[in-house]
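Asks: Sequence first, then the predicted structure:
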2 protein chains.
Amino acid sequence: MSKKIADRMQTISPFYVMALLQRAKQLEAQGRDVIHMEIGEPDFPTPPTIVSAGIELLQTGEVKYTSAVGLPQLRQAIANFYRQQYGVTVAPERIFITPGASGAFLLALGISLNPGDELLMADPCYPCNSNFATLFGAIPHALPVGAESLYQLSPAQIQQHWHSRSKGVLVASPSNPTGTLITPAALQAVIATVNALGGCFYSDEIYHGLVYGQTAATALQYSDDVFVINSFSKYFGMTGWRIGWLVVPEEFVAVAEKLAQNIFIATSTHSQYAALAAFAEDTCTELERRRTELAARRDFLYTGLLDLGFEIPAKPEGAFYIYADASRFTDDSFQFALDFLEQEAVAITPGRDFGSHNAHRHLRFAYTTTIDNMTVALQRLQRFINKG
Amino acid sequence: MSKKIADRMQTISPFYVMALLQRAKQLEAQGRDVIHMEIGEPDFPTPPTIVSAGIELLQTGEVKYTSAVGLPQLRQAIANFYRQQYGVTVAPERIFITPGASGAFLLALGISLNPGDELLMADPCYPCNSNFATLFGAIPHALPVGAESLYQLSPAQIQQHWHSRSKGVLVASPSNPTGTLITPAALQAVIATVNALGGCFYSDEIYHGLVYGQTAATALQYSDDVFVINSFSKYFGMTGWRIGWLVVPEEFVAVAEKLAQNIFIATSTHSQYAALAAFAEDTCTELERRRTELAARRDFLYTGLLDLGFEIPAKPEGAFYIYADASRFTDDSFQFALDFLEQEAVAITPGRDFGSHNAHRHLRFAYTTTIDNMTVALQRLQRFINKG
């Protein structure tokens, strides 16, 4: 690399799936019918109630800066949502509207991590999480997790790896890529452990709402001394609008405002007005319909992959991912994904995008496409495996 | 501060004007007629052509993630804009669409500054610039500038202050808060100096287009080895849309993409589609009309402040700010601004928001309000001064 490039860029990893995406586009340009199961984005459009609210604001032409912390009425709406959905009280002043969950991570880690601080997280996990820590000179410490803990960190594991430079612990539930949830009891125990150690606890709850057959607990049920990252992208179907939120502990309110002013100025105005409609009754009805559809897709893909010989030792209960152990077929899941795309025109994400622990044996399948498409994808997968 | 808060938050400064803004809101709630001349945002709505393009995209409901680097057609449109406006050729691959100029700064400094690196800039300048450097552990080094250099850095000054940890130089033209431009010859000389020193050159061009009676040169006219930060916010009237762009030197293209993927995922989709209309003929006509209006306001305010006894030794030729020396009236411009707001209900920005060099004697007036409003504001200012 050029000497001018900042050192951190040697540590920050690219998305390996991008190489697949690029090849998928080439194949599509050649007329191949590519089925996309690599994308972390629902295939549903934004609910019409939300779109209408966005258009209504745009029609005024008054798309001005808002306060750096977000629209007061949106912060209040999110506070109401916490009360109704989880029965917890969160002061609107602790809620910051951000440019997506990405902005929430920037803000949370920017105000709390010093260079050299360690941030504990699970391996596998969403790759950006460790890269956000690296951005600020902090050190991501990814601890291997497996099906026995539902791919989540345990209090014992945190205690074992905690040392003088440890600063915080990040838990994502439902997890990307595994789709598994931490149990409410485990979440409570992990938070108690981190609080006792004097660390910061970060709860990535961006897939909340997309949970099948159970409910996800928010970290706010167990402590006010937590950072909660959430987003309108996934459950609310607002990916391209780039809007999320961050809840901070009371003592971080002032610095979060100061940093948000400096690095964002504000979140998109029309996205904020649109998000006000995210909690409307019509929207909720539509989102529940979609959740039911996703649950059916999950069941279909889960059974289909098991039937083909993939191992999924912890049934995914949320998000829209299945993290399948492909040991029976390959010891190089990246090559498997490349070959599968090349030969059968189905795009999936290799395990290496999510860490290193057993990554070479795993593949992430996203059920962000229809059961019809997945039926074809599974047929192609069967044919591909049989050839191998 | 709590021990949990990251050390950098002690260095990152808040916007002092926020205290004024809050008080202004209280006064308005009490029924006072506050005139806002503190706001760095045009009072014009977004041009209707741009709004329509945004609405059109929203109506499809397909507000999905775009590529992290931005819509290909928007990158191409910006490349065309550089050719038409400045006669320079920029490869679209070097253009990254970002969440506002804020995102462009995050990206540019994140890929190029190591902790401990020094970034040279002018004092006074926009406060976020130094805070972005601090965010990454780099050290902002603000060099005092005055009217004799049009409040811009000179090659001699850069050479004098350059040492082993110096990494880059930031120039903003038109400057916020001074509204002054660096001359094309000076810009060329500064870039040549920085290139010869082996440093990175960052050109903040977010007020380009808002220039009266001359044209602003882009750094890209003199070198490809520069970072250029620009935005659709100011000239194009898209503040609340949060969309800007960054041009990077060829050798930074790969790392800029990698960092953008990780910290943004993408810029708002509807904002990008809307921005495609920013270069349409109808839009240009409207924007030129606004520029003419701003030029008239500049002349009005400039004359008015001089008549009252303020000193403005370098006539502002761009942006929508006048940085006035209030030495005749005060040695504490922050207190002056607070008292003026309290007694006369006019909000202006104290010099301390832009650095420390003679800041206590300066005030920034934004002509982002009508001449009618400014007429009243100047009457109130005269009365306030006479009382003092």
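Replies: Yep, that arrived.
Asks: any idea how chain A splits into domains?
Replies: Described in terms of automatic domain parsing, the domain architecture of chain A consists of the residue ranges A:8-45+A:283-387, A:48-280.
Asks: And the last one, how far out from the chain middle?
Replies: It refers to domain A:48-280. Taking C-alpha atoms, centre = their mean, to the nearest Å, one finds the center of domain A:48-280 at 10 Å from the center of the full chain.
Asks: and the end-to-end length of it?
Replies: In domain A:48-280, first residue to last residue: 11 Å (C-alpha to C-alpha, to the nearest Å).
Asks: The stretch 151-300 of chain A: helices as residue ranges?
Replies: Listed in chain order, the helices of the stretch 151-300 of chain A (DSSP state H, counting those that start in this stretch) span residues A:155-161, A:184-197, A:253-263, A:269-275, A:281-308.
Asks: Could you double-check that residue A:290 sits in contact with residue A:237?
Replies: Yes - taking contact to mean C-beta atoms under 8 Å, the distance of 7.3 Å between residue A:290 and residue A:237 places them in contact. All C-beta spots, glycine's among them, are computed from the backbone N, C-alpha and C.
Asks: So between those two, which is more surrounded?
Replies: residue A:237 (26 against 17; other C-beta atoms under 10 Å in any protein chain shown).
Asks: For the more buried one, give its distance to residue A:257.
Replies: 29 Å (C-beta to C-beta, to the nearest Å).
Asks: Overlap in contacts, residue A:290 and residue A:237.
Replies: A:42, A:44 (C-beta atoms under 8 Å, 6 or more residues apart in numbering or on different chains).
Asks: got JSON lines for the helices of the stretch 151-300 of chain A, with mean pLDDT too?
Replies: Compiled in JSON lines, the helices of the stretch 151-300 of chain A are given as follows (pLDDT from 0 to 100):
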{"stretch": "helix A:155-161", "mean pLDDT": "98"}
{"stretch": "helix A:184-197", "mean pLDDT": "98"}
{"stretch": "helix A:253-263", "mean pLDDT": "96"}
{"stretch": "helix A:269-275", "mean pLDDT": "98"}
{"stretch": "helix A:281-308", "mean pLDDT": "97"}
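Asks: most tightly surrounded among those?
Replies: Comparing the helices of the stretch 151-300 of chain A by mean neighbour count (mean count of other C-beta atoms under 10 Å in any protein chain shown), helix A:269-275 comes out on top with a mean of 26.
Asks: now for that one, which elements pack on it?
Replies: With contacts defined as 3 or more C-beta pairs under 8 Å, 6 or more residues apart in numbering or on different chains; DSSP states H and E, the secondary structure elements packing on helix A:269-275 are helix A:48-60, helix A:72-86.
Asks: Not counting sequence-adjacent ones, nearest residue to residue A:336?
Replies: Of all residues not flanking residue A:336 in the chain, residue A:330 sits nearest, at 4.2 Å (C-beta to C-beta, 6 or more residues apart in numbering or on different chains).
Asks: I'd guessed the one you found sits against residue A:340; true?
Replies: No - with the criterion set as C-beta under 8 Å, residue A:330 and residue A:340 do not qualify as a contacting pair; they are 9.7 Å apart.
Asks: more crowded one of the two?
Replies: Applying other C-beta under 10 Å to residue A:330 and residue A:340 shows that residue A:340 carries more neighbours, namely 24 against 19.
Asks: For the more buried one, which non-adjacent residue is closest in space?
Replies: Leaving out its chain neighbours, the residue that sits closest to residue A:340 by C-beta to C-beta, 6+ apart is residue A:384, at 5.3 Å.
Asks: from what I can see that neighbour touches residue A:342, true?
Replies: No - contact status for residue A:384 versus residue A:342: not in contact, 9.9 Å apart, counting by C-beta under 8 Å.
Asks: More neighbours: which of these two?
Replies: When neighbours are counted by other C-beta under 10 Å, residue A:384 and residue A:342 differ, and residue A:384 comes out ahead with 19 against 14.
Asks: check contacts around that one.
Replies: A:339-340, A:343-344 are the contacts of residue A:384 under C-beta under 8 Å, 6+ apart.
Asks: Pull out the buried members of those.
Replies: Neighbour-count burial within the contacts of residue A:384 applies to A:340, A:344; the criterion is 16 or more other C-beta atoms under 10 Å in any protein chain shown.
Asks: Now go through the contacts of residue A:384 and say which are in helices.
Replies: Under the assignment DSSP state H, the contacts of residue A:384 contribute A:339-340, A:343-344 to helices.
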